[in-house]
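Engineer: Fold the stuff below for me.
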Amino acid sequence: MPMSPEGRRQADRLLWRERIVRMLKVAPPIVIGGGVFVGLIWLRMHGGPGWIALVLAGAAALSKPALMVLRVLEKRRSCNGLD
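Structural biologist: Numbers count the residues shown, from 1 in each chain. Sure, this is the predicted structure:
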């Protein structure tokens, strides 16, 4: 059974919204990783001390688990709000 034009538009909007949400979930780790990468290259080119590179690498290593914990907490909070 074919969809009405309005039903089709609503389905397309829902799919588009899901795609945007999925991209926004992936974007923070990519942005953080890119920032750390650029920061490390800048430090290497300007002769910065090595410990700063280690701090940036540590921050990058901890960012992904931290984002995962924040997402789990957010899901838990939203599930409790729906009950």
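Engineer: Name the residues of the helix or strand where Arg71 lies that are buried.
Structural biologist: Using DSSP states H and E, Arg71 falls within helix 50-82. Buried residues in helix 50-82, defined by neighbour count with 16 or more other C-beta atoms under 10 Å: 56, 60, 63. Quick note: C-beta positions are derived from backbone N, CA and C, even for glycine.
Engineer: so what does the longest helix along the chain touch, helix or strand wise?
Structural biologist: Identified as the longest helix of the chain according to DSSP state H is helix 5-46. Applying 3 or more C-beta pairs under 8 Å, 6 or more residues apart in numbering; DSSP states H and E, we find helix 5-46 packed against helix 50-82.
Engineer: Quick one: distance of the helix it packs on to the chain centre.
Structural biologist: Remark: helix 50-82 is offset 10 Å from the chain centroid, using C-alpha atoms, centre = their mean, to the nearest Å.
Engineer: Show me what it is packed up against.
Structural biologist: helix 5-46.
Engineer: Just give me how far the helix it packs on sits from the chain centre.
Structural biologist: On C-alpha atoms, centre = their mean, the centre of helix 5-46 falls 6 Å from the chain's centre.
Engineer: go on, stretch 64-83?
Structural biologist: Offset of stretch 64-83 from its chain centre (C-alpha atoms, centre = their mean): 14 Å.
Engineer: Go through the helices and strands of this structure and name the one with the lowest mean pLDDT.
Structural biologist: helix 50-82 (a mean of 77; mean pLDDT, DSSP states H and E).
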